[in-house]
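# the sequence isn't on hand, but the structure is:
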């Protein structure tokens, strides 16, 4: 039996859309929803352990959070479910690298990332 698919919560920008494409390629998500950073920080967007976030502020209760902003590390410190690389140019690159880069993704992604 395959692992349960998660919901991706991300920003409605190019980085967020490509994050969705990567997770879709990995067959990890069943739904994508868009949220604003302030809504996440203020608790106006509920999340659960069924959710993965990308390029959004870390919130308690999320399954995994991928980001490239060092401010998140400074704001919340180290968390087992916070995958962050402040040297990455995007959350997309953090996800791409975390899941194996060119070994895990088709050539379409590799040429662009």
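Thanks, I have the structure now. For clarity, every value in this text was computed on a predicted model and none was experimentally measured.
# once you drop chain neighbours, what's closest to residue 10?
Nearest residue to residue 10, sequence neighbours excluded (CB to CB, 6 or more residues apart in numbering): residue 16, at 3.6 Å. (Glycine included, C-beta is placed from N, CA and C.)
# from residue 23, how far out is that neighbour?
To residue 23, residue 16 is 11 Å away according to CB to CB, to the nearest Å.
# a strand runs through residue 7, doesn't it?
Yes - counting by DSSP: H, G, I helix; E, B strand; the rest coil, residue 7 is part of a strand.
# which ones are touching it?
29-33, 50-52 (CB atoms under 8 Å, 6 or more residues apart in numbering).
# got a winner among those for most neighbours?
The most neighbours of any of the contacts of residue 7, using other CB atoms under 10 Å, belong to residue 52, which has 23 neighbours.
# quick one: secondary structure of that residue?
Here residue 52 is recorded as strand under three-state DSSP.
# please name the bridge partners of it.
For residue 52, the beta-bridge partners under DSSP bridges are residue 8, residue 64.
# just to check, residue 5 is in contact with residue 26?
No - using CB atoms under 8 Å, residue 5 makes no contact with residue 26, being 10.2 Å away.
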